[in-house]
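S.K.: sharing a model that was predicted from the sequence below.
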Amino acid sequence: MHSRSALVIAILGTAMQLYPVRAQAVPCVACRALQPFPHCDDAAAQPPTGAVSVVGTVAPFSTGPCGTGVVVDVIRSSQALPRRIAFDVSCLLWNGEPGDMLRIMVDETPSPDGSYRLRACK
């Protein structure tokens with residue numbers, strides 16, 4: 001009976017050590033606060049260095065393990081971009097729907113996963 005308890009404790013101890021490793025398998029960003037979604041006006045046609053202004057429509061999007069991924073069909077941009085770009089709105093107050101028109105600012109270089117990071121308009 002005593003050895004059975006020791007076995008259960010050993011299994012639980014191993015499981016508890018493995019849990020943080022599994023929890024870190026998907027590197028999600030922890031939001032400290034929600035920020036408003038950055039809607040830019042047409043004055044953003046001259047973006048700052050390292051940024052691209054984009055006008056596009058929201059394509060259907062999905063909720064992933066770390067939040068909501070939004071895809072935009074690019075209508076026009078201040079620099080050449082793919083026809084569709086994706087970005088994450090996990091830490092933003094987002095209430096958009098497919099078909100909505102967006103005027104946004106993104107980094108000119110995509111992340112390693114191919115998505116773009118939103119930037120403040122000014």
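M.R.: Nice, thanks for sending it over.

S.K.: okay, CA-based contacts and neighbour counts for the rest of this
M.R.: Fine.

S.K.: do you know how far the spatially most central residue of the chain is from Gln46?
M.R.: To find the centre residue of the chain, average its C-alpha atoms and take the closest one (Cα atoms, centre = their mean): that gives Asp88, at 2.2 Å. For Asp88, the distance to Gln46 equals 23 Å [Cα to Cα, to the nearest Å].

S.K.: who does the longest strand anywhere in the chain touch, helix- and strand-wise?
M.R.: Under DSSP state E, the strand in the chain containing the largest number of residues is strand 67-77. Judged by 3 or more Cα pairs under 8 Å, 6 or more residues apart in numbering; DSSP states H and E, strand 67-77 is in contact with strand 51-58, strand 62-64, strand 84-88.

S.K.: 6 Å instead?
M.R.: When contacts are defined as 3 or more Cα pairs under 6 Å, 6 or more residues apart in numbering; DSSP states H and E, strand 67-77 sits against strand 51-58, strand 84-88.

S.K.: could you identify the helix or strand that succeeds the lowest-mean-pLDDT helix or strand in the chain?
M.R.: In the chain, the helix or strand scored least confidently by mean pLDDT, DSSP states H and E is helix 2-23, which has a mean of 42. Helices and strands here follow DSSP states H and E; after helix 2-23, the next one along the chain is strand 35-36.

S.K.: how about residues contacting that next one?
M.R.: For strand 35-36, the external contacting residues (Cα atoms under 6 Å, 6 or more residues apart in numbering) are 92-93.

S.K.: note down every partner strand of it and its orientation.
M.R.: According to DSSP bridges, strand 35-36 forms sheet pairs with strand 92-93 (parallel).

S.K.: after the strand it pairs with, which helix or strand is next?
M.R.: For strand 92-93, the following helix or strand on the C-terminal side (DSSP H and E) is strand 101-107.
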